[in-house]
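# predicted model follows, preceded by the sequence.
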Amino acid sequence: MRLTPKFIQNLQRFRLVTFDITDTLLTFKRSPAIQYSETAANYGYPHLNQDKLMQSFRTEFKMLMKKYPNYGKTTPNMDWNQWWIKLVLNIFNSIESGIPEKDALIIAKELVRLYRTDVCWLALDGSTELVSKMKESGKKVGVISNFDASLPQILKAMNFNEFDFILTAYDCGVLKPNKGIFDLALAKCDIKSDQALHIGNLYDLDYLGARAAGWSSALISEMTDEEISIREGLNRQHVFKTLPDLINALQHTQIDW
């Protein structure tokens, strides 16, 4: 689909467009519970309870991120790879998987490897089209993500090669919604905040974070009109259920940023 005059008009003020990644451009092919249980089964440990795995994943992730923030970025003798291995081991221990420590470590390393390939990821509908359209319209296109340093490897595996830069929280030392990570993106392009648009799926980290940094922002979310109405500072004109919905609006509808 060719760019329409409305698409050009909607984006004319912007010189930079950035994207969040997880659940914005990419999502998991399967839940972590399924991936963890299947990988364990491949090493001879079948029948792990997937409900317990999923519950433990959520709990242990939050606990580990609180204890060792930003994937262990500022933790002595820990890097992002070790952080993820520790997470997997903690999950197996918490559900009393019965996997011996030596084998659990092997499985953990394999899971970390798999999540850096296209085995575990799926490009969301409209993602490649939207990134390409932004490039075609002459914008700088980047990534701002609360991810570890392996994100460029994942994006390469998923054939996302059009980004001018990739900023991860791990590399920058600061996570969204902190203004600092948005300011680093502006500095890379030598532009002002009112010339930048950020697209993400989280109201607090992406939408409010970008706007607090002086940017415009679009939110990809399936929240209802009622949910939108109670979110402070959220303009319903900036909320789109899917990326194709955003593309359609950019192509045909006047958007007041």
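Arrived safely. Numbers count the residues shown, from 1 in each chain.

# so which residues of the stretch 151-257 of the chain form strands?
Using DSSP state E, counting those that start in this stretch, the strands assigned to the stretch 151-257 of the chain run over residues 165-168, 196-200, 216-220, 239-240.

# same check, this time on the stretch 1-150 of the chain
Taking DSSP E, counting those that start in this stretch as the criterion, the stretch 1-150 of the chain carries its strands at 16-19, 26-28, 121-123, 140-145.

# which residues does the second one contact?
Pointing back at strand 26-28 there. Here strand 26-28 makes contact (CB atoms under 8 Å, 6 or more residues apart in numbering) with 35, 120-124, 127, 154, 158. No exception for glycine: its C-beta is placed from N, CA and C like everyone else's.

# can you redo those as a markdown table with pLDDT, distance to P100 and neighbour count?
As requested, those are exported to a markdown table (pLDDT from 0 to 100; distance: CB to CB, whole Å; neighbours: other CB atoms under 10 Å):
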| residue | pLDDT | distance to P100 | neighbour count |
| --- | --- | --- | --- |
| Q35 | 97 | 21 | 19 |
| C120 | 97 | 25 | 20 |
| W121 | 98 | 30 | 20 |
| L122 | 98 | 33 | 13 |
| A123 | 98 | 37 | 16 |
| L124 | 98 | 38 | 17 |
| S127 | 98 | 40 | 20 |
| I154 | 98 | 30 | 21 |
| M158 | 98 | 34 | 18 |
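
# for S94, give me its contacts.
Counted by CB under 8 Å, 6+ apart, S94 has contacts 56, 59-60.

# which residue, other than its chain neighbours, is closest to L64?
L87 (5.3 Å; CB to CB, 6 or more residues apart in numbering).

# quick check: the gap between the one you found and S94.
Separation of L87 from S94 (CB to CB, to the nearest Å): 11 Å.
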